[in-house]
Every structure is written in C-alpha cells, then in structure tokens.
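Chemist: What would the 3D arrangement of this be:
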Amino acid sequence: MFEHRQQVMEKLMKEDEDFRRIFNRHQELDKRVTAAELGTAPMEDLALNQLKKEKLWAKDRLAAIMDSTSV
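Modeler: Alright, predicted model coming up:
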C-alpha cells in the first residue's frame, strides 16, 4: 500500500501518532479480511462487508493525511 509514496509514509510513521494508529488499524483489518476470504476465519457476509468498509475508510484517511503532508 502506497509503495509509490514510501518516503512520505516513513516520515508520517515516525512523526504522526494518528497516522500510525490508523495505519496499524488498516493492517489489522487487512489481515482479518484476508483470513475471512480464505476461510481460515469464517464470518458472516454482513460482518465482512463492515470490515471492508472500515478498511477502505482507513485507507482513504491515510491517503488524505499523506496528501496534506510535504516531505
């Protein structure tokens, strides 16, 4: 995620606690969604869709923070 903006991401991970918190939440959600889709952690479709929405919100928030940051 955001491989083309690695420098900005590294700066924010070091300096911005909110960014770091949202990033970690996104990573956690990504693992849970992947596990559900692979069947290793089955869950209801409604719950999976909610996780996907939260994951997308986190990604959008991270992108917005990155867009407002100069390196």
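Chemist: in this structure, which spans are helices?
Modeler: Listed in chain order, the helices of the chain (DSSP state H) span residues 6-15, 17-38, 45-67.
Chemist: and the ones you listed as TSV, adding mean pLDDT and mean neighbour count?
Modeler: In this view, the C-beta of every residue, glycine as well, is placed from N, C-alpha and C. TSV is the format used below for these (pLDDT from 0 to 100; neighbours: other C-beta atoms under 10 Å):
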stretch	mean pLDDT	mean neighbour count
helix 6-15	93	14
helix 17-38	96	15
helix 45-67	96	14
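Chemist: so how far is stretch 22-42 off the chain centroid?
Modeler: Taking the mean C-alpha point of stretch 22-42 and that of its whole chain, the gap between them comes to 10 Å (C-alpha atoms, centre = their mean, to the nearest Å).
Chemist: contacting residues around the spatially most central residue of the chain?
Modeler: By C-alpha atoms, centre = their mean, the mean C-alpha position of the chain lies nearest to residue 26, the distance being 2.5 Å. If a contact means C-beta atoms under 8 Å, 6 or more residues apart in numbering, then residue 26 has 1, 55, 58-59, 62 as its contacts.
Chemist: if you set the cut-off to 7 Å instead, what comes out?
Modeler: Shown here is residue 26, whose contacts under the criterion C-beta atoms under 7 Å, 6 or more residues apart in numbering are 55, 58-59, 62.
Chemist: Looking at these, spot the one nearest residue 6.
Modeler: Minimum distance to residue 6 across the contacts of residue 26 is 13.1 Å, recorded for residue 62 (C-beta to C-beta).
Chemist: thought the closest one was touching residue 25?
Modeler: No. Under the criterion of C-beta atoms under 7 Å, residue 62 is not in contact with residue 25, lying 9.7 Å apart.
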